[in-house]
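Undergrad: Fold the following for me, if possible:
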Amino acid sequence: MKRTKIIYWVVTGLFAVFMIFSSIENIMMTDGSVDLIATQLQFPRYLIPFLGWAKIVGSIAILVPGFPRIKEWAYAGLFFDLSGAMFASLYLTGIGGLAMLMFIVPHLASYFLYHKVAKESNTPVVG
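TA: Residues are numbered from 1 along each chain as shown. Have a look, this model is predicted:
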């Protein structure tokens, strides 16, 4: 139980830090972020800071203990963000888009470890 909990917090912490750092460029609307999202992918510019703030809110939600329903929604939202980014990368670069798996795998590991820790501690989990 203790080992699983430690692994969960390490994986979740690293994943949340990655998501928070990746959101900063979106919120600040840096040239690289605008070029990728608005120019190459042709998404509207107003979507860029929204994605950044959504990643921060989702990352905080998976770090805060309790609130299982919010945590489930946060995991889902972050998964949609990452899978959408992977699809867009595959579209733009072909097989190189599979590099996004290095971010999706820790997300899935965190999610499944969250459920395992909750089950072992008899904490109710929505979903």
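Undergrad: Low-confidence ranges, the protein, go.
TA: Within the chain, the stretches with pLDDT under 70 are 126-127.
Undergrad: most centrally placed residue in it?
TA: The centroid of the chain falls nearest to L78 when counting by CA atoms, centre = their mean (3.5 Å).
Undergrad: Could you pull up the contacting residues of that one?
TA: 19, 55, 58-59, 62, 107 (CB atoms under 8 Å, 6 or more residues apart in numbering). For the C-beta atoms, the positions are set from N, CA and C on the backbone; glycine is no exception.
Undergrad: if we go to 10 Å?
TA: By CB atoms under 10 Å, 6 or more residues apart in numbering, the contact list for L78 reads 15-16, 19, 54-55, 57-59, 61-62, 103-104, 107, 110-111.
Undergrad: and it, what element?
TA: Under the criterion of DSSP states H and E, L78 resides in helix 68-93.
Undergrad: buried set for that helix?
TA: Using 16 or more other CB atoms under 10 Å as the test for burial, helix 68-93 gives 68, 70-72, 74-75, 77-78, 81-82, 85-86, 88-89.
Undergrad: thinking again about what came up before, among the contacts of L78, which ones are in strands?
TA: With DSSP state E as the criterion, strands contain none of the contacts of L78.
Undergrad: Go through the residues you listed and say which is closest to K5.
TA: S110 (12.4 Å; CB to CB).
Undergrad: In space, what's closest to the closest one - neighbours in sequence excluded?
TA: Among residues not flanking S110 along the chain, T12 sits closest, at 4.3 Å (CB to CB, 6 or more residues apart in numbering).
Undergrad: The one you found: what secondary structure?
TA: Per DSSP: H, G, I helix; E, B strand; the rest coil, the secondary structure class of T12 is helix.
Undergrad: Next up, the contacts around the closest residue to F18 other than its chain neighbours.
TA: Residue nearest to F18 in three dimensions, not counting chain neighbours: F103, with 6.5 Å by CB to CB, 6+ apart. Residues counted as contacts of F103 (CB under 10 Å, 6+ apart) are 15, 18-19, 22, 78, 81-82, 85-86.
Undergrad: related to what we said a few turns ago, and the helix holding L78, how far out from the chain's middle?
TA: With CA atoms, centre = their mean, to the nearest Å as the basis, helix 68-93 stands 6 Å off its chain's centre.
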